[in-house]
Structures are given as structure tokens and as C-alpha cells.
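Engineer: need the 3D shape of this:
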Amino acid sequence: MAKDQKRERILAAATAVFAEHDFHQVQVSHVATRAGVGKGTVYLYFPSKDDLHQAALEASLQRLGQDVEQAAGAEAPAEAVLREIVLRIIKFFWKRQHLMTLVQRYERRGSRNPRDRRHRALKAVDAVLARHGLGGNGVRHLDAAFLLGLSRAAILEHSASDKPEAVAQHVVDVYLHGVARSA
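Structural biologist: Here you go, the predicted model:
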């Protein structure tokens with residue numbers, strides 16, 4: 001098996017294991033078993049559990065960034081495009097709320113640039129707003145950030161009976177029309 005393929009298999013297994021369990025509950029041996037490799041092989045690619053976790057998180061966020069960009073590129077009314085962006089973000093974090101906390105901590109720590117992790121989503125939302133003539137006045141980036149902030153709040157505060165689709169619709173309604181009109 002090629003070295004890159006093995007690394008990707010380990011990353012995929014780590015992503016799944018870290019999504020199922022809190023960081024402190026995960027053992028590298030569980031990741032190795034799921035990837036079908038020895039524990040020592042995992043350490044050849046990732047010197048520590050922290051390194052493995054960070055790589056798995058980065059890979060997941062890259063995929064989410066691609067999903068958001070794909071949704072943003074749709075030729076549809078602004079509300080539908082924004083709802084799809086929010087839905088993809090919400091679905092990614094829905095049953096993994098602890099990942100949202102990790103992402104926020106990771107963004108603040110800023111391995112390269114603290115805004116890199118959010119930047120793709122911000123740019124995608126900003127482009128949708130610009131394409132549809134929404135927001136602006138020199139602060140469209142804030143308008144984009146507000147939508148992402150509402151999405152984060154929905155991820156962290158939703159109840160067990162809420163459905164991602166309904167929550168995404170509500171987030172976009174509040175964002176575009178305000179709380180008074182979304183009631």
C-alpha cells in the first residue's frame with residue numbers, strides 16, 4: 001500500500017474515532033485497529049495523539065470548507081443558498097458539538113493564521129451576499145461572520161428534538177428578516 005494511502009486511511013479512522021469519543025477517551029490503538037495498521041505505524045505518521053487529532057480535525061475542516069464552497073456556488077435565490085450553507089455546517093457539527101468547541105479553540109490558537117479555518121466559509125458567504133446584492137457598506141465580511149455566528153449558536157444550543165433542516169431554515173430566517181419577522 002502506498003504511503004499516502006496508508007496516511008489517509010489512518011486519518012479517516014482517526015476522524016471517525018475522534019467524532020465518536022471525546023479526545024481524552026481516544027486511544028491511538030483504537031485508531032490503529034480501525035485503520036487496520038499497527039499502533040507503531042500510526043506513530044510513524046503522527047508523532048503524538050495531539051498531532052493525529054490536529055491532522056484529523058484539519059482534514060475534516062477542509063472537507064467542510066469544500067462543501068460550503070460547493071453550496072455557495074449554486075445558482076439559486078440567496079435564501080436557498082444560505083440555507084444550504086448553514087445546513088451543511090450544522091449537519092457537520094450536529095452530533096459532534098464538542099468539535100465546535102475544539103474548532104473555536106483551534107481557531108484562537110491559530111496555527112498559521114487564526115482566521116484560516118473560518119476564512120473559506122466567510123469568503124463563500126461573502127461571495128453569496130455580494131452576488132445577490134446583500135450586505136455591504138464596507139462590512140460585508142461582518143455580515144458573513146454574523147451568519148456563521150448564528151450557525152454556531154444553533155449548533156451549541158439546539159435541543160434533542162430539533163431537526164437540522166428546520167434549524168437551518170430558522171437561522172437563515174432570523175439572519176435575513178430578524179427575530180420579529182421570523183416568529
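Engineer: in the chain, which helix or strand is least confident?
Structural biologist: helix 97-109 (a mean of 69; mean pLDDT, DSSP states H and E).
Engineer: in the lengthiest helix in the chain, what's buried?
Structural biologist: If you go by DSSP state H, the chain has its longest helix at helix 49-72. Across helix 49-72, burial judged by 16 or more other C-beta atoms under 10 Å covers 49, 52-57, 60-61, 64-65, 67-68, 71-72. Placement of C-beta: from N, CA and C, glycine included.
Engineer: ok, stretch 41-49 next?
Structural biologist: Result for stretch 41-49 [16+ other C-beta under 10 Å]: buried residues 41-42, 45-46, 49.
Engineer: what about that stretch, start to end distance?
Structural biologist: 13 Å (C-alpha to C-alpha, to the nearest Å).
Engineer: same question for stretch 152-172.
Structural biologist: 13 Å.
Engineer: re the thing from before, ok, and what's touching the longest helix of the chain?
Structural biologist: Residues outside helix 49-72 that contact it (C-beta atoms under 8 Å, 6 or more residues apart in numbering) are 10-11, 14-15, 18-19, 23, 26, 28, 31, 42, 45-46, 81, 84-85, 87-89, 92, 99, 102-103, 106, 111, 117, 120-121, 124-125, 127-128.
Engineer: make it 6 Å
Structural biologist: Applying C-beta atoms under 6 Å, 6 or more residues apart in numbering, the contact partners of helix 49-72 are 11, 14-15, 18, 28, 46, 84-85, 88, 92, 117, 120-121, 124, 127-128.
Engineer: which one among those residues gets closest to Ser161?
Structural biologist: Comparing the contacts of helix 49-72 against Ser161 with C-beta to C-beta places Phe92 closest, at 20.0 Å.
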